[in-house]
Structure formats: C-alpha cells, structure tokens
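[1] sharing a model that was predicted from the sequence below.
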Amino acid sequence: MNIYEKMINVKMEFLQERIGKSGANRTMKYFELSDIIPIVMPLFHKYKLVPVIRFSTEEAHLEIIDCEDPDMDTIMVTSPMSSCKLPNAHDVQNLGAVQTYLRRYLYMALLDVVEQDQVDNEKSGFKPNGSFKKEEAVNKSSDLACSKCSKEVTKGIATVSSAKFGKILCISCQEVNNG
C-alpha cells in the first residue's frame, strides 16, 4: 500500500470516529488538539505513518512520512506563520499559542475535518444558538447503516463505499471486502 492509500484509510477511519468539539467560547464550539491527536495517532501507527511538524519564520509544515518507504513520496500540509498577543503573556507563551493553533489547523487540513464556515456565517448574519444540533445531526445520520453489520456510518463513508462496492459498508466491512 502506498502513502496515498494509507492516508485515505486514515482519513476514512478518522471520519468514522465522529470526533466531538471539546473547545468552547461564548459564541462557538471548536476542535482542540485533544479531540484529534488521541484518535489519529493510533491510525498513523496502524498504517506505519509518522507525522512531523516543523516551524520556520515563514511557514508551519505537517509532513506525513511512510515508515515502510521513507525515501519515497511524503504528504505535506503547510500554513503561513502568524503571531499572537495574549494579554499578560510572555513572548514564549505567545509563541506556544501560535504553534498550538497552527498544529490544530494543519491536522484539520490533513484530515479534511469540516467545520461551519465562520466567515460566511458572519456575513449572512448567522448567530449560533449554542446547541450545535444542526452539526450533530449532519455527523450522526441514523438512516445510514452498513448493509452487512448494520453499524451506523457517516454520509461520507456511505458515499465512498457505495461508489466502490455498490453498497453501504462500514470501514471494517470494507476491509473484509478488500481482503
């Protein structure tokens, strides 16, 4: 399996986990690294991939390396560097805040984690009510289930498995079908 096949498997299995948003402020909920890392690291280990994060003065990089073939292609996600001015914080605390934010956004980009578009919502006058029911409903579509084991699947997994296998299959049953 090449790095791209491994990475799509990581994305599909990560998607099936239906991660929750543990971060919250007065107006919205958001993903924190603690929502992402404990789920994705075992998947990287399973597929023998290693994430390497690097920061320069210009950019932040998240590179995925295939441990079984480290000299071949890698997958790279980049973001421009930014700055932060937390109230009453030392320079190193501001640097830590920037690195934490960038790590979160790099992982979200790599894994195709989808959130409501805050910019579009602000332009349209959308005001979150704090319940976040719409988002939960999208992620927990109870009418989509694996045709073999009846396990609930997301719309994304249902779409991909229908195209590939001609029926809705959870990740586990897809692996059995491939094997």
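    Looks like it arrived, so ask away.
[2] number of nearby residues for the closest residue to residue 146 other than its chain neighbours?
    Nearest residue to residue 146 in three dimensions, chain neighbours excluded: residue 170, at 4.0 Å (CB to CB, 6 or more residues apart in numbering). Using the backbone N, CA and C atoms, a C-beta is placed for each residue, glycine as well. Neighbourhood size, residue 170 [other CB atoms under 10 Å]: 24.
[3] got it, and residue 18?
    There are 13 residues near residue 18, going by other CB under 10 Å.
[4] tell me which element residue 106 is part of?
    helix 91-111 (DSSP states H and E).
[5] what residues sit buried inside that helix?
    Residues 97, 98, 102, 103, 104, 105, 106, 107, 108, 110, 111 are the ones in helix 91-111 that count as buried (16 or more other CB atoms under 10 Å).
[6] got the contact list for that helix?
    Residues from elsewhere that reach helix 91-111 (CB atoms under 8 Å, 6 or more residues apart in numbering): 10-11, 14-15, 31-33, 36-37, 40, 51, 53, 55, 60-62, 64, 75, 77-79, 81-86, 89, 113, 115.
[7] same question for stretch 73-81.
    2-4, 7, 55-66, 98, 102, 105-106, 109-110.
[8] number of nearby residues for the nearest residue to residue 66 once chain neighbours are set aside?
    The shortest distance from residue 66 to any non-neighbouring residue, by CB to CB, 6+ apart, is to residue 3 (4.3 Å). Applying other CB under 10 Å, we find 21 residues neighbouring residue 3.
[9] what's the neighbour count on residue 52?
    11.
[10] out of the contacts of stretch 73-81, which are inside helices?
    Among the contacts of stretch 73-81, DSSP state H puts 3, 4, 7, 98, 102, 105, 106, 109, 110 in helices.
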